[in-house]
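Colleague: The following comprises the amino acid sequence and a computationally predicted model.
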Amino acid sequence: MTDLELDYQIAEAALEEADEAITKLREDYHALQDHADELKAILRNHGIEYPDFCGW
């Protein structure tokens, strides 16, 4: 195996790891967004606007 082939395999593995990490971050973001939406709905049901709750 040449140095170039080894570098290629390392780069390919790094790209796969990065893709997995981005996928996990995307899933976590969507889960967080779902929870935030639930919080906003609870606050709205009690007459509290979300920006007011956060002090914005």
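Modeller: That came through, no problem.
Colleague: all contacts plus neighbour counts: C-alpha atoms, from now on.
Modeller: Fine.
Colleague: list the helices and strands the stretch of helix or strand Asp28 belongs to packs on?
Modeller: Using DSSP states H and E, Asp28 maps to helix 3-45. Secondary-structure packing of helix 3-45 (3 or more C-alpha pairs under 8 Å, 6 or more residues apart in numbering; DSSP states H and E): helix 50-54.
Colleague: ok, back up a step: just how off-centre is the helix holding Asp28 within its chain?
Modeller: 5 Å (C-alpha atoms, centre = their mean, to the nearest Å).
Colleague: Show the pLDDT at the most centrally placed residue in the chain.
Modeller: By C-alpha atoms, centre = their mean, the chain has its centre lying nearest to Leu25, at 2.9 Å. pLDDT recorded at Leu25 is 97.
Colleague: do Gly55 as well
Modeller: The model's pLDDT for Gly55 equals 65.
Colleague: And for Ala36, the neighbour number?
Modeller: 13 (other C-alpha atoms under 10 Å).
Colleague: residues of stretch 33-40 that come out buried?
Modeller: Neighbour counts over stretch 33-40 (16 or more other C-alpha atoms under 10 Å) mark Lys40 as buried.
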